[in-house]
Every structure is written in C-alpha cells, then in structure tokens.
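Q: no sequence on this one, just coordinates:
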C-alpha cells in the first residue's frame, strides 16, 4: 500500500471529526491505533496531528492522548467581567481550583509592580481555571495584604472581584496589562497537562482600586489554543472604557 501523505491524513481526520466520528468519547484513538489505520509511521502521524492542533481542531494532554478541541473562548480585554461570568455568557461552564494560598516575600520585580519594597509580605494565590472541564488557565494572584486583612481565610474559589467588593468595599479602578506569547514555565505546565515550554499566552495585569491605589498583580498563563482576542469598541467609548482582563477580575 502506498504511504499516505501528511496532507491526506489531515484531510481524512478533519473530515471524520467534522462528521462526528469521535464525538461520543471526545477523543481520538491512540497514536498506535491511528498509525495502523493509516499504515503510516508515528513520525508522519504526529506531523499530521500537529497540523490539526495548530488549526485548533484537536489538542493534546500529556499521558492522556489527543482530544477534540472545544470552541475557543472569546476574550475581550475591554470588558469588566470576571472569569465565571465571561464563560457563562458564552454558554460555557467554568470551574476554579485553588492550588495554593499563602504569604510570601515579594521579589524585586513583583515589588515594583505592586509599589512595595522587595522582601515585604504579599498574599500569593495560585489557581487553576477550567472551561467545560478542560484546564485552560493557570494564574498567580499577588495581593497587598494592607488592603485585604485575613483574606486567606475566605473561600478563594469564588470571584475575587466579588470578594473585594463584599468583604472590603474595594472596586477595581484603573488597570494596566500586557499580553505576550511565551513558553509555559515548569511550574504552570503540569497543571495544564501539557509539556513545559509549550506555547502559551502570558498576561500580566496590575490593578488599582477606586482610590487609585495598586492593590494586586496577576500573572496568567493561558493555553494558546483555549481563547482568541475579540475586541468590540464603539466610537463613543474609545476614550472612556478602561481595558481589563476577565481573569484578574476574579
């Protein structure tokens, strides 16, 4: 039998995905099984799978295999909407898991972000966010304890936006953020079930409150295939709306 090309394997698998062949389980057969079905080598098969992953049709989890990719989450950085609300507005189910929460000493870089001194205590909250059961976002929140006494005693799976408002009377004001493509670091990759160094979208955000005080700084690592940026700006709002990332609003 003549060996199939990468393009033919891609087209065949794409057609099968579109027809719902793998919808029941939500995952593709093992690489070994697919290699046998296409009478091809693992190298050729993985190249084809990699192309489908790049197209956003499938995604991989370490030690679990290949899965049919759900639709990407639309992410408008201008909207003031926390993570769970953003997901629900798009008909998706969001979940939050707290991985760790404790006091740590601020590094020099973090201290500059928060307007504090190096070595001062800050709260660090590490959380994993899921959409429809899939881990898509690892985030580290760093908060100035001066504004949030005893914060670590609260339920930190809830929206930080609501927690700030309800327990401390603090609302978000100005915000500064950056978005950069970056490799997933070793401390974030395992939670997202991908290899260290996999492509990610890294977002840094520094939040101020209604009194213009810097209150927290967030470092987010998104799976690159989990979202897309969709900004809608009406002309009358161009000078009045402040940019914001949904995750750091809790």
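A: Looks like it came in fine. This structure is a prediction, so every number in the text was calculated from the model and none was measured.

Q: for the rest of this, base every contact and every neighbour count on C-alpha atoms.
A: Fine.

Q: show me what secondary structure element comes after the helix or strand hosting residue 17.
A: Assigned by DSSP states H and E, residue 17 falls within helix 6-18. Downstream of helix 6-18, the first helix or strand assigned by DSSP H and E is helix 31-38.

Q: tell me what that next one is packed against?
A: Judged by 3 or more C-alpha pairs under 8 Å, 6 or more residues apart in numbering; DSSP states H and E, the packing partners of helix 31-38 are helix 42-54.

Q: so for the helix it packs on, what gets flagged as buried?
A: Buried residues in helix 42-54, counting neighbours by 16 or more other C-alpha atoms under 10 Å, are found at 44-45, 48-53.

Q: contact partners of it?
A: Among residues not part of helix 42-54, those counted as contacts by C-alpha atoms under 8 Å, 6 or more residues apart in numbering are 5-7, 9-10, 14, 31-32, 34-35, 58-60.

Q: same question for stretch 12-20.
A: Residues contacting stretch 12-20 (C-alpha under 8 Å, 6+ apart): 22-23, 52, 57, 68.

Q: that stretch: how far from the chain's middle?
A: Chain-centre distance of stretch 12-20: 27 Å, with C-alpha atoms, centre = their mean, to the nearest Å.

Q: domain map for the protein?
A: 6-68, 73-229 (the TED database).

Q: mean pLDDT lowest where, among the ones you listed?
A: With a mean of 90, domain 6-68 has the lowest mean pLDDT of those.

Q: span of it from start to end?
A: One end of domain 6-68 sits 19 Å from the other (C-alpha to C-alpha, to the nearest Å).

Q: in this protein, which spans are helices?
A: With helices called from DSSP state H, the chain shows them at 6-18, 31-38, 42-54, 83-89, 108-114, 160-168, 189-192.

Q: buried ones in stretch 214-227, by neighbour count?
A: Buried residues in stretch 214-227 (16+ other C-alpha under 10 Å): 214-226.

Q: which of those fall within strands?
A: Among those, the members falling in strands (DSSP state E) are 214-223.

Q: sorry, back to before: let's have the buried residues of stretch 214-227 in CSV, adding distance to residue 110.
A: Listed next are these as CSV, based on distance: C-alpha to C-alpha, whole Å:
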residue, distance to residue 110
214, 12
215, 12
216, 10
217, 8
218, 10
219, 10
220, 14
221, 16
222, 20
223, 23
224, 24
225, 28
226, 27
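
Q: and these, which two are furthest apart?
A: 214 and 225 (31.2 Å; C-alpha to C-alpha).

Q: how about the contacts made by the residue lying closest to residue 135 once chain neighbours are set aside?
A: By the measure of C-alpha to C-alpha, 6 or more residues apart in numbering, the closest residue to residue 135 outside its immediate chain neighbours is residue 192, 5.3 Å from it. Contacts for residue 192 (C-alpha under 8 Å, 6+ apart) come out as 135-138, 223.

Q: tabulate those (TSV), appending distance to residue 171.
A: Below are the contacts of residue 192 laid out as TSV (distance: C-alpha to C-alpha, whole Å):
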residue	distance to residue 171
135	28
136	26
137	24
138	23
223	28
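
Q: just the angle for the helix holding residue 17 relative to helix 42-54, thanks.
A: Between helix 6-18 and helix 42-54, the angle comes out at 50 degrees (axes from the mean of the first three to the mean of the last three C-alpha atoms, to 10 degrees).
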